[in-house]
Each structure stands twice: as structure tokens, then as C-alpha cells.
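Asker: sequence and predicted structure, then a few things I'm wondering about:
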Amino acid sequence: MDFSNKESNQQLADYLREQRQNQKLELEEVSTQIGVPIQHLKNIENGDFERFDSFYLKMYIKKYATYLSLNVGELYQQFYGNQIQQEVEVKIQKQQVEKRNQNIGRIAGIICGVLVVGLGIFYVVDMVKSATPKEDKNIVINNPESSTLIDSDKKEEVKSEDIQAPKEENNSQTEEPTPMEALDVKLVSQTDKEIVFDVLTSQDGADLKLEFTASCWLSATLGSQNLIPGETYQAAGVFEQRITKDQFGTLELNVGDATAIRILVDGQLLEFQPSTPHQYIKINLKTE
């Protein structure tokens, strides 16, 4: 998200200043507690956002708002809702195009694979036929009135080889790999703010992996365990956690920008289309 809308910037700046004043806090005290220079806080409260790099501005606002007990994601939604929605729509369209291109690539790969396998089989069959001894056309007959051929033993030998070769080929074609056991993932419900999944597995645990495609604030809890207290991950960031069977329950994610996160359980992607950037995502981990 950029801060090109000066009107929204000023509204956010005024709101932060009012919240600080309502809590009877001085800028010097806030600066000391959160480790942000007082001049930076003054510029933020004056709405002079253009003085900062976007990355550092987001970091300063997050620290300032957190100290005032405010939710950064909700602040952005309140003052930049329309802008965020437009960015979400652009990201969703981009993801759909990328997904369509990936599907086309997979189909092309499958077709190429089938052609390669077919050519390989044709080559093997041709090699087998070339290696098979041909029947000798110069047949010597003991007696002009006899149908007994000198090379009858040789013909029987060739016939037995012709019968055995296809059997070996058929055996190689009937062997198929045993398919891997997959998770049972179900999208239970989705509202404006909340998305709920049920994940069923027969394994002793599950591997959780969160991948970030852009800057995203996130907190995560599993029952009474606080997996992520509240952190901002940058693009290409990754969070991984092994969840054992005795820890199974409801995994709750508070996501600042749901378009910037990919959620995988045992390598399987949990697919969803967020209605707003700020989402609450619940994953019910169950075992058979």
C-alpha cells in the first residue's frame, strides 16, 4: 500500500494525535518507549508522510499505533479502505492470470510427457522387432514330397522368443506407483471478515507453512499457544511449524493483508478468495 492520498494521510495523522492526547501522553514519552525519534512522530502527526520511505513509514506507524493499543490493520482499512480494495482486486486478477498460465503450462507439460512416453514405447518395440531373428527363406527340403523342413527347430526357437518378448513389455506397462495419501481439506464458511477451514488427516501431525508474497502483518494462536504474537513479514518471508497430533485444535490467524499470504498444510494449499484485505482465518485441525 502507498500513501499517495494526502487527505487520507491527514485523517490518519489527526486520529493518531487525538488518541495520544486522549491518553494524556507526551510525544517525548512515546518516542522513548517505542524507540522512534520524536521528530519522526511529529512529522507523522502533521501528516507529512512524504518525508519517509514507505517501508519505514509503515514500521513507525505500526509501533506508534501498537503503543496506543490500536490495530494497524483496522486503521488502514478505516482510512484507506477504497484504495486497499482496488489493490486487492488488482492482486486477485494478477493471481488468476498467473494461475491460468500455470494450468496451461501443466497441460502442455502433460502433453509433452505423453508424446515422450509414446515415442519411447515405439522405440522399444522397434528395437525388439529388430533383435528378433528373421525366418530363413532358403529352406532345404529332404524330400520333394515331404513337408519336413531342416530348420524347424530354429523356427520353434524364434516363435518362443516372439511370445516372451511382449510379456516382458506388458509387465513393465502394468506397474503403477501407489498414490500418496492426501489431506481432506474443506472450506466450511466464508463471511466478510472470517474464513473457516476443516483439515482432516490420519497422520501423527501436520506441517504448517506460511509464505508471504508481500508485506503482511500477522498473529497466530493454536488453542492457548501463541505461535506468532504479532509480526510484520516481508515479501518472500516464510513461517514453518510442526503441529503434533496432541496439539490439534483450532488454529486462528489474524491477517492484515490476506492477499499477501499462502497457507499450506502438509504441502497442500488452502485456497480462498478474500473479500477484504484484513481477514480472520480459522483452521480446524482434526484427525481420523
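Answerer: Sure, I can see it. Keep in mind that what you see is a predicted model, and the values were worked out from it rather than measured.

Asker: the strand or helix carrying K186 packs against which elements?
Answerer: Element membership for K186, per DSSP states H and E: strand 184-190. Under the contact criterion of 3 or more CB pairs under 8 Å, 6 or more residues apart in numbering; DSSP states H and E, strand 184-190 touches strand 194-201. The way it works is simple: take the backbone N, C-alpha and C, and place the C-beta from them, glycine included.

Asker: sheet-wise, list the partners of the strand it packs on with their directions.
Answerer: If you go by DSSP bridges, strand 194-201 pairs up with strand 184-190 (antiparallel), strand 279-287 (parallel).

Asker: want to throw these into a markdown table with distance to F272, mean pLDDT and mean neighbour count?
Answerer: Shown next, in a markdown table, are these (distance: least, CB to CB, whole Å; pLDDT from 0 to 100; neighbours: other CB atoms under 10 Å):
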| stretch | distance to F272 | mean pLDDT | mean neighbour count |
| --- | --- | --- | --- |
| strand 184-190 | 7 | 92 | 13 |
| strand 279-287 | 8 | 92 | 18 |
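
Asker: turn those into TSV, columns for distance to Y64.
Answerer: Listed next are the strands paired with strand 194-201 as TSV, based on distance: least, CB to CB, whole Å:
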stretch	distance to Y64
strand 184-190	33
strand 279-287	24
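
Asker: roughly how far does F212 sit from D257?
Answerer: In this view, F212 and D257 are 9 Å apart by CB to CB, to the nearest Å.

Asker: got it, and E50?
Answerer: Here E50 is placed at a distance of 22 Å from D257 (CB to CB).

Asker: so which of those two has more stuff around it?
Answerer: Each of E50 and D257 has its neighbours counted (other CB atoms under 10 Å); D257 has more, 25 against 11.

Asker: list phi and psi for the more buried one.
Answerer: The phi and psi values for D257, taken as degrees, to the nearest 10, are phi -140, psi 100.

Asker: quick one, what contacts it?
Answerer: G73, A214, S215, C216, W217, P277, H278 (CB atoms under 8 Å, 6 or more residues apart in numbering).

Asker: pLDDT-wise, which helix or strand of this protein ranks last?
Answerer: Ranking every helix and strand in the chain by mean pLDDT, DSSP states H and E puts helix 152-174 at the bottom, with a mean of 48.
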